[in-house]
Structure formats: structure tokens, C-alpha cells
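**Q** below are the sequence and a predicted model; questions follow.
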Amino acid sequence: MARRRGNHRSNTFLLVFAGCLLTTTPVWPHKAWGEASDFQHRLEAAIEQTKQELQQESERIDRENTARQTELTKATSAAYGLSGELVERRLIIARKQQELAHLRQQREALWTEQRQWEREEAEIASICRDVHRELSELARMLPASELRDEQDHQFAQLEKALDQADIRKAVSSTVALTASFLHEARTKAIYEAEIVDAHGKRQRAKLLRVGQSLFAYHIPSTGQTAVALSAPYEESGFRWQEALSADMQRSLVAVIEQNQSPDGLIWVPIDVTGRMTMTATLSNRTLVDRLRSGGVVMIPLALVAVCLALLIADRFLVLMRQGRHSLRFCDRVLRLCSQGQFEQAQQLAQDSQSVLSRTLAVCLTHRNSPPALLDDAIQETLLQEFPKLERFLPSIRMLSSVAPMLGLLGTVTGIIATFDVITVVGTGQPRLMAGGIAEALITTATGLAIAIPGLLAHSVLAGKVDSIIADTERFAATLSNLVKREQHTTANNRNRQSDVRETLD
């Protein structure tokens with residue numbers, strides 16, 4: 001467009017320049033006039049051509065303007081169309097934004113409902129777990145019923161549903177379990193099942209269940225009859241009690257065997273409170289019954305206790321006799337010796353039967369021997385008498401040490417019996433392990449009860465022996481010194497007499 005306008009301006013400039021040349025051209029001769037006329041003709045032709053070009057250019061410009069106007073009109077109409085479409089799209093966007101806001105509100109509401117449902121689902125799952133725990137604990141505390149296999153299957157289904165977070169199935173299993181235990185609580189049944197009896201042996205027996213208050217079994221082959229009582233000392237579970245009265249046994253057997261009584265009534269013991277335990281029964285057990293529950297190890301423990309008691313009694317009697325009136329006796333002997341009555345002191349020592357008297361008697365018997373021989377005789381006597389005093393003390397100490405080791409052996413055997421029960425019935429019924437645990441504890445307690453008095457007696461006896469030995473050595477040394485002084489005095493007197501005789505001679 002700019003280029004075309006430049007061409008138009010150049011053509012206009014040529015026309016003006018040509019006009020100026022025509023106006024300024026001088027008058028030439030004829031030849032020159034002809035040339036000028038030709039030039040003018042050419043110039044007019046050029047001007048005409050230029051006008052035509054200008055006309056064509058003007059027409060072309062008009063056509064372009066018309067075309068551009070048409071394009072502008074189309075563009076304007078298109079712009080109006082786009083403007084309307086833009087407004088329409090903005091309106092659509094506004095509606096979509098409103099719908100989006102509404103959907104967000106719905107999503108928030110759904111999230112809130114979902115969180116609420118998750119909380120409720122968690123609460124339901126927690127309730128199901130609590131019910132599962134309580135009912136499984138109840139199942140462990142009660143003896144096996146005729147519904148226990150079905151209940152164990154329902155327990156497994158409930159555990160699987162809880163692990164898979166299947167609340168619907170967990171709720172249905174919980175309801176089924178609760179209904180089963182409620183049915184068991186309000187009905188009675190007589191059935192056969194495999195049990196672990198009161199002695200820890202697995203046997204096939206007939207069982208009687210009255211609700212969940214009475215469980216009893218009867219084994220026709222052995223005649224055993226027992227009822228289930230709560231475990232003593234506030235432990236969980238139950239224990240079979242076979243120590244029943246004859247009337248109670250007959251009543252239970254009649255019910256289990258479904259025998260009719262003449263009057264149509266049979267009295268059976270039912271603990272409706274569920275709090276009756278075996279504490280009273282256990283407290284009435286005798287010492288022999290308790291010791292019998294310790295097992296085979298109680299036999300060597302009893303032998304050790306008897307031997308230890310005999311040895312201790314023997315040593316007490318011997319040492320009491322050896323140490324009796326020792327101070328008074330020694331004072332009399334030393335007093336007689338200090339007065340020079342050695343024969344009477346020797347007779348007094350020989351009449352008494354004790355380690356001290358025998359040692360003093362030997363000392364007085366060798367009173368005329370040289371000091372070295374006197375000391376050797378006293379020492380020899382002490383070496384002969386001391387082993388007699390210490391007799392059986394090593395045996396007492398040995399038996400006192402063996403007793404707790406035998407108790408430990410009983411503990412090990414009791415634990416072995418406990419693990420045997422665990423191998424058979426598992427760890428879910430701790431009441432069945434009571435026999436092995438009782439054996440372990442009773443043997444250990446018995447061993448300690450034997451060892452502690454034995455060690456105390458050994459300490460007392462050893463102290464008594466040391467006291468007698470110390471008194472014997474002390475009084476023997478005192479008498480030896482007294483005898484040696486007497487020998488020295490006698491020797492001096494003899495020397496003086498010999499000196500006097502030599503002087504007189």
C-alpha cells in the first residue's frame with residue numbers, strides 16, 4: 001500500500017516537472033521547434049499515460065478499499081458473533097462454576113459422611129473385637145460343651161472377617177456367637193466329649209451341662225465323677241473336683257445316665273453365682289495330701305529329712321553331754337592341783353566322761369614326764385578327741401545341701417509334667433498345668449524346709465564343737481603350765497636337798 005502511494009507521487013512529480021519545462025523552453029529555430037513539438041507530444045503522451053495509470057491506480061485503490069471495507073464488515077460481524085459467543089461462554093463458565101461449587105459441597109458432605117461411617121465402622125469393629133475377646137475368654141473358662149466345635153468355627157470366621165475388615169460378616173458372626181452362648185446359658189445337655197480329668201489325663205467321658213452354672217463328668221469305666229469349680233486364688237478358669245460326697249456322686253451319675261428317681265426329682269449341686277471355688281477344699285487338705293502331690297521326689301526328701309533329724313539329735317545329745325559343767329569341773333581339778341592333790345585331781349578327771357576330763361586326766365597321768373613328753377601326750381589326746389566331736393557334722397552339712405537340690409529335681413520333673421500337659425492341650429487352659437506346678441513348688445518348698453533348719457543346726461553344732469575345743473585347749477594349757485611349775489619346784493627342791501647332803505658330807 002505504501003509502495004503504491006510512492007509510485008503515484010513520483011508520477012505526479014514527473015507531470016509537474018514536464019509542465020515547468022514547457023513553460024521555460026525558449027523559442028528556437030524551426031528545427032528546434034520541431035523537436036520541441038515532438039517532445040511535447042511525447043510529454044503529453046506520457047502525461048496521458050500517467051493519468052491513465054493514476055486512474056487505474058485510483059480504481060485499484062477503490063477496489064482494495066471496497067474489498068477491505070467488505071473484509072472489515074465481515075470482521076466486524078464476526079467480532080460481534082465472537083462477542084456474543086464469548087458472553088455465552090462466560091455465562092456457561094459461570095454456571096459451570098456454580099455447579100462445581102455445588103459438587104464440592106456435595107463432596108465435602110460425602111467426605112464427612114465417609115469419615116462418620118469410618119468412625120462408626122471402627123466402633124463396630126472394636127465392639128466385635130471386644131465381644132470376641134470376652135466370649136473367647138468365657139470359652140476358655142468353661143469346660144467344653146456340645147456347641148464348642150461350632151463356636152470355634154464361628155470364632156475363626158469372626159477373626160478372619162476382622163482381619164479382612166469385612167464388617168458385615170463380622171457383625172453376623174458376632175451375632176451368631178452371642179446367640180450360641182445365650183442358647184448355651186439357658187439350656188441343658190448331656191453329651192460325650194474328650195476331657196482332661198482332675199489328674200491331668202485325657203479321657204472320654206459323659207458330661208452334664210446345666211446352663212453355664214454346672215458342668216460335671218462321669219467316666220463309667222473308672223467310676224470317676226467330678227464337677228467343675230472355679231479355680232482357687234482368683235485365677236481364671238476352672239478345675240475338676242472329684243472329692244465329692246457319695247450322695248452328690250449318685251445324683252450326678254443318675255442325671256448323666258438319665259436314670260429316673262422314684263419321686264421324679266434329682267438334686268444336683270449348682271453354683272448359680274459362679275463364685276464357688278476350691279479354696280475351702282484346698283485349705284482342708286492334710287499335710288500328707290499336700291506332700292503326696294509333690295511326686296516321687298518326696299521319697300528321697302523324706303529319707304534325707306529323717307537322716308538329718310537323727311544326726312542332729314545325736315550330735316546335740318553328745319555335745320550337750322560333753323560340754324555340761326565343764327567350767328565347774330575344771331575349777332575343781334585346778335584347785336586340787338594347786339593344793340598339790342594331784343592323785344585326787346587325776347581320779348576326779350578319770351571318773352568324768354568328757355573330752356575335757358579325758359584330756360586333763362592324760363595331762364595328770366604324765367605329770368612326772370618331761371615337759372616335751374607332756375605336751376606331746378596332750379596334743380595326741382586332742383588329736384584323738386577332736387574327730388569324735390566333729391563326727392557327723394560333714395554329713396549334716398552334706399544332707400542340708402542335698403535337700404534343696406532334690407527339691408530342684410522335683411521342680412524340674414514338675415515342669416516337665418507341665419510341658420507334657422501343654423503339649424497335649426496347649427497353653428489356653430492354665431488350670432490343667434496346676435498339677436505339675438504344684439509338684440514343682442511343693443518339692444522346692446520341702447527341700448528348703450529341710451535345708452534351712454539343717455544348716456542352722458550345723459552352724460550351732462559347729463559353734464558348740466569350737467567352744468568345747470577352745471575350752472579343752474585352754475584348760476589343758478593351764479593344767480600343763482601348773483604341772484610344769486610343780487615339776488620345776490620339785491626339781492629345785494631336790495637340787496637343794498642334794499646340795500645340803502653334799503655339804504653335810
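**A** That came through, no problem. Numbers count the residues shown, from 1 in each chain.

**Q** lowest-scoring secondary structure element of the protein by mean pLDDT?
**A** helix 279-283 (a mean of 44; mean pLDDT, DSSP states H and E).

**Q** immediately after the longest helix anywhere in the chain, which helix or strand?
**A** Ranked by number of residues, the top helix in the chain under DSSP state H is helix 30-141. As assigned by DSSP states H and E, the chain's next helix or strand after helix 30-141 is helix 148-163.

**Q** next SSE downstream of that following helix?
**A** Counting by DSSP H and E, the next helix or strand C-terminal to helix 148-163 is helix 167-185.

**Q** now for the helix or strand just after that following helix, which elements pack on it?
**A** For helix 167-185, the following helix or strand on the C-terminal side (DSSP H and E) is strand 188-196. In terms of contacts (3 or more CB pairs under 8 Å, 6 or more residues apart in numbering; DSSP states H and E), strand 188-196 is packed against strand 202-210, helix 393-425. C-betas here are computed from N, CA, C, even on glycine.

**Q** run the chain-centre distance for strand 188-196.
**A** Relative to the chain's own centre, strand 188-196 is displaced by 34 Å; criterion: CA atoms, centre = their mean, to the nearest Å.

**Q** again with stretch 196-211
**A** With CA atoms, centre = their mean as the basis, stretch 196-211 stands 31 Å off its chain's centre.

**Q** with stretch 110-123 instead?
**A** 35 Å.

**Q** repeat for stretch 91-99
**A** 64 Å.

**Q** cool, stretch 202-219 as well?
**A** That offset, for stretch 202-219, works out to 34 Å (CA atoms, centre = their mean).

**Q** just the buried positions in that stretch, please.
**A** Neighbour-count burial for stretch 202-219, counted by 16 or more other CB atoms under 10 Å, picks out 205-210, 212-219.

**Q** can you tell me which of those residues lies nearest to residue 314?
**A** Among the buried residues of stretch 202-219, residue 219 lies closest to residue 314 (CB to CB), at 51.0 Å.

**Q** what pLDDT does the spatially closest residue to that closest one that is not a sequence neighbour get?
**A** The shortest distance from residue 219 to any non-neighbouring residue, by CB to CB, 6 or more residues apart in numbering, is to residue 205 (4.6 Å). The model reports residue 205 with a pLDDT of 87.

**Q** my guess is residue 205 contacts residue 190, does it?
**A** No - using CB atoms under 8 Å, residue 205 is not in contact with residue 190, being 11.4 Å away.

**Q** what strand or helix carries residue 198?
**A** For residue 198, there is no helix or strand it lies in under DSSP H and E.

**Q** surely it meets residue 229?
**A** No - taking contacts as CB under 8 Å, residue 198 lies outside contact range of residue 229: 10.5 Å.

**Q** who touches both of these two?
**A** With contacts taken as CB atoms under 8 Å, 6 or more residues apart in numbering, residue 198 and residue 229 have 239-241 as neighbours in common.
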